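Participant: Structure for this input, please:
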Amino acid sequence: MEAVIFIGIQGSGKTSFYRQRFLDTHVRVSLDLLNTRHREQVFFQACLDSGQRFVVDNTNLTVADRARYIGPAKAAEFRVIGYWFESELREALRRNKQRAGEAEVPVAAVVSALKRLEPPELKEGFDELYVVSRDENDQFIVSARSGEEPAARKPR
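Facilitator: The predicted model follows:
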């Protein structure tokens, strides 16, 4: 049983990464889809109760945001894997601008999210923690974080 938690500002590529890497194997828990915390909690709990692999595709900017999922997942004996999407603000804003209609997030909200971001650390309860960045061709690059490395840095 596996719980995957995405961490990153809007426009950093979380949903695209989900579609590329997890669409066929994990269900997607997302406020964008479920619209309310109550619905999200019900769906999340159903995943835990049934042993369903899932990805939490939200910004999960703070330790407290992530704890909402890590604690219950660990209690249900899930492996918890984090993916931190490092993204420069200008690149996230560029990708955000390409979204259609209401999917585009206001610039001020993206900037505010970046200011609130608390870089994730293994000690939060992750069994594995990865950093996801993009290369010059906008392809995903995934690298593991070990327990000996310093805390991940905030994107610029």
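Participant: Surely residue 17 and residue 95 touch.
Facilitator: No - judged on CB atoms under 8 Å, residue 17 makes no contact with residue 95 at a distance of 11.9 Å. For every residue, glycine as well, the C-beta is placed using N, CA and C.
Participant: Could I get the buried residue list for stretch 115-123?
Facilitator: 117-122 (16 or more other CB atoms under 10 Å).
Participant: Same question for stretch 122-132.
Facilitator: Within stretch 122-132, the residues scored as buried using 16+ other CB under 10 Å are 122, 124-126, 129-132.
Participant: Closest one to residue 84 out of the buried residues of stretch 115-123, please.
Facilitator: Residue 84 has its nearest neighbour among those in residue 120, at 5.2 Å by CB to CB.
Participant: quick one: secondary structure of that closest one?
Facilitator: State at residue 120, reduced to three classes by DSSP: H, G, I helix; E, B strand; the rest coil: coil.
Participant: what's the overlap in contacts for residue 17 and residue 95?
Facilitator: Counting by CB atoms under 8 Å, 6 or more residues apart in numbering, residue 17 and residue 95 have no common neighbour.
Participant: show me where the chain has helices.
Facilitator: Secondary structure of the chain (DSSP state H): helices at 14-21, 31-34, 37-50, 63-75, 89-97, 107-116.
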